[in-house]
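Enquirer: Just need the structure, nothing else, for what follows:
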Amino acid sequence: MTCRYLLDTSIVSAPVSKFPNREILKRLERHGHECAIAHANGLVLVTSNTKDFARFKDLELENWH
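Expert: A predicted model of the protein is given here:
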């Protein structure tokens, strides 16, 4: 099964950052075809702000930092 991701702006903006995080860039290269910037069921939310999203039950989170 292909994993699908919903990216938070902290992740989407990484490639254009003045000092981009190399780990995020690597993961975007590896998973770019699986990423979605849309609200949909069944997506993994990728964010560096997991604290604020942790309160949502059944929302799978990943921090790529």
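
Enquirer: Could you pick out the longest helix of the chain?
Expert: Across the chain, the helix with the greatest residue count (assigned by DSSP state H) is helix 22-31.

Enquirer: which parts of that helix are buried?
Expert: Within helix 22-31, the residues scored as buried using 16 or more other CB atoms under 10 Å are I24, R27, L28, H31. C-betas here are computed from N, CA, C, even on glycine.

Enquirer: just stretch 55-65 next, same as before
Expert: Of the residues in stretch 55-65, those with enough neighbours to count as buried (16+ other CB under 10 Å) are L61, N63, W64.

Enquirer: ok, now which ones touch the first one?
Expert: Yep, that's L61 we're talking about. L61 makes contact with V44, L45, V46, T47, T50, F53, A54, according to CB atoms under 8 Å, 6 or more residues apart in numbering.

Enquirer: burial of the last one, as a residue count?
Expert: Using other CB atoms under 10 Å, A54 has 10 other residues around it.

Enquirer: Same check on the second one?
Expert: Counted with other CB under 10 Å, the burial measure for L45 works out to 18 neighbours.

Enquirer: Give me the nearest residue to it, chain neighbours excluded.
Expert: Nearest-residue entry for L45: L6, 4.9 Å, with adjacent residues in sequence omitted and distances by CB to CB, 6 or more residues apart in numbering.

Enquirer: Looking at the buried residues of stretch 55-65, which is nearest I37?
Expert: Within the set of those, W64 lies nearest I37; the separation is 14.8 Å, counting by CB to CB.

Enquirer: That closest one touches E23, doesn't it?
Expert: Yes: counting by CB atoms under 8 Å, W64 sits close enough to E23 to count as a contact (6.1 Å).
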